[in-house]
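Trainee: please work out how this folds:
(one chain, ligands or ions: 1)
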Amino acid sequence: MNICKTISEFRQYRHSAAGKVIFVPTMGALHEGHGSLVRMARRLAGPDGIVAASIFVNPTQFGPHEDFHKYPRHIEQDLANLTAWDADVVFCPSAEEIYPPGHVTSIDPGELGTVLEGAIRPGHFRGVCTVVAKLLGIVEPAAMILGQKDFQQQLILKHMVRDLNMPVEIITAPTLREPDGLAMSSRNRYLTPDQRARAGSIYQALSWATHQYKSGERDAAALEAGMSERITQSGLEAQYALACHAETLEVYHQTVGNPCVFLIAAKLGTTRLIDNVVHS
Ligand code: PAF
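Mentor: Alright, predicted model coming up:
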């Protein structure tokens, strides 16, 4: 696997290699969830295409009191995993390479960036959009694969590439789960054994809502209260547990319509976890 630390190294590699590029952007601390994205990229690229990943813990998407400094960094293990998953190239730049002195431009994701995660993490999606736009300009992929766990992120980035006429397809890949249903996430490693044992309640709440929805329940308040209750009973702090329109993220206040996404954000101690299920 080729390892490129600078933009010029990556561009040199990119322009010397033939074949379409399928791109998986990451912040490292890779787990089997990322593995499923890279394997999907390999299938889509085929034997002649290029599977590119990036590892960059993007400072601009973390708030001042968030976990940027303690975010897990395991570059050697990450490189070994990407090699095992058959990636061809990884771009792992420094912060100065991406944000050199004098960098002033950023991308405003609009209204969609101010709700749900954006309301709790102001500026988060501006940082995500800005770094992903820069990565797309460097990597120039035909397609980029994102995980469904970050549902709002993939929706905002789909809007961004459409609105800015970026020639890339965005593919949303299903969430990989632990045996108790907990969505795989780099932040799961912050959990103590006791917290980990209780974290499965997020997916249990989503599964309960799914069952209710499939049985015909459309009362937004009942579904939201039922999800919150299930999380709270397990000792988690529910930040939101909502039924939203799956394309606009507008909250269904009375009757839950179609398409629908159930979205949960919950805290276990200082660790925030998010998850969702979509019905269309
Ligand atoms: O989902 C992530 O890991 C990050 O938000 C991304 C897309 C790599 C941008 O930093």
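Trainee: where along this protein do the helices fall?
Mentor: Along the chain, the segments classed as helices by DSSP state H run 7-16, 32-45, 75-84, 95-98, 117-120, 124-139, 151-163, 193-199, 201-214, 220-233.
Trainee: relative to Val51, how far out is the closest residue to Gly35 other than its chain neighbours?
Mentor: Leaving out its chain neighbours, the residue that sits closest to Gly35 by CB to CB, 6 or more residues apart in numbering is Trp85, at 5.2 Å. For the C-beta atoms, the positions are set from N, CA and C on the backbone; glycine is no exception. With the distance defined as CB to CB, to the nearest Å, Trp85 ends up 8 Å from Val51.
Trainee: for those two, indicate the residue with more neighbours.
Mentor: Neighbour totals were compared for Trp85 and Val51, and Val51 leads with 29 against 21 (other CB atoms under 10 Å).
Trainee: which ones are touching that one?
Mentor: 21-22, 24, 38, 41-42, 45, 86-89 (CB atoms under 8 Å, 6 or more residues apart in numbering).
Trainee: which residue does the stretch 51-200 of the chain bring closest to the ligand?
Mentor: Using CB to the nearest ligand atom, Asn58 is the residue of the stretch 51-200 of the chain that sits closest to the ligand, at 4.0 Å.
Trainee: ok, that residue touching Val128?
Mentor: Yes - the criterion here is CB atoms under 8 Å, and Asn58 meets it with Val128 at 7.3 Å.
Trainee: of those two, which one has the most company?
Mentor: Taking neighbours as other CB under 10 Å, Asn58 and Val128 compare with Val128 leading, 26 against 21.
Trainee: now the more buried one. Nearest residue, chain neighbours left out?
Mentor: Gln61 (4.9 Å).
Trainee: what's near enough to touch the one you found?
Mentor: Taking CB under 8 Å, 6+ apart, one finds 123-125, 127-128, 131 in contact with Gln61.
Trainee: ok, and which of the residues you listed reach the ligand?
Mentor: Residues of these in contact with the ligand (CB under 6 Å from any ligand atom): 128, 131.
Trainee: next, format the contacts of Gln61 as JSON lines and append pLDDT.
Mentor: Formatted as JSON lines, the contacts of Gln61 follow (pLDDT from 0 to 100):
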{"residue": "Gly123", "pLDDT": "98"}
{"residue": "His124", "pLDDT": "98"}
{"residue": "Phe125", "pLDDT": "98"}
{"residue": "Gly127", "pLDDT": "98"}
{"residue": "Val128", "pLDDT": "99"}
{"residue": "Val131", "pLDDT": "99"}
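Trainee: list only buried entries from the contacts of Gln61.
Mentor: In these, burial by neighbour count holds for 124-125, 127-128, 131, counting by 16 or more other CB atoms under 10 Å.
Trainee: who touches both of Trp85 and Val51?
Mentor: 38, 42.
Trainee: among the contacts of Gln61, which one sits closest to Leu155?
Mentor: Closest to Leu155 out of those is Phe125 (10.0 Å), distances taken as CB to CB.
Trainee: what's the burial count for the nearest residue to that closest one once chain neighbours are set aside?
Mentor: Distance criterion CB to CB, 6+ apart; nearest residue to Phe125, sequence neighbours excluded, is Gly113 at 3.6 Å. Using other CB under 10 Å, Gly113 has 26 other residues around it.
Trainee: who in the stretch 51-200 of the chain is up against the ligand?
Mentor: 58, 61, 128, 131-132, 150, 153.
Trainee: give the contact list for the residue nearest to Phe125.
Mentor: 124-126, 129, 156.
Trainee: which one among these gets closest to Ala238?
Mentor: Nearest to Ala238 out of the contacts of Gly113 is His124 (CB to CB; 19.3 Å).
Trainee: give me phi/psi at the residue lying closest to His31 once chain neighbours are set aside?
Mentor: With CB to CB, 6+ apart as the criterion, His31 has its nearest non-adjacent residue at 5.1 Å, and that residue is Met184. When read as degrees, to the nearest 10, the backbone of Met184 gives phi -70, psi 140.
Trainee: quick check: Met184 touching Ala173?
Mentor: No - counting by CB under 8 Å, Met184 does not reach Ala173; the two are 11.7 Å apart.
Trainee: burial measure for Gln233, as a count.
Mentor: So Gln233, with other CB under 10 Å, has 12 neighbours.
Trainee: distance of it relative to Arg198?
Mentor: 10 Å.
Trainee: tell me who's in contact with the spatially most central residue of the chain.
Mentor: The centroid of the chain falls nearest to Asp150 when counting by CA atoms, centre = their mean (3.6 Å). By CB under 8 Å, 6+ apart, Asp150 lies in contact with Ile274.
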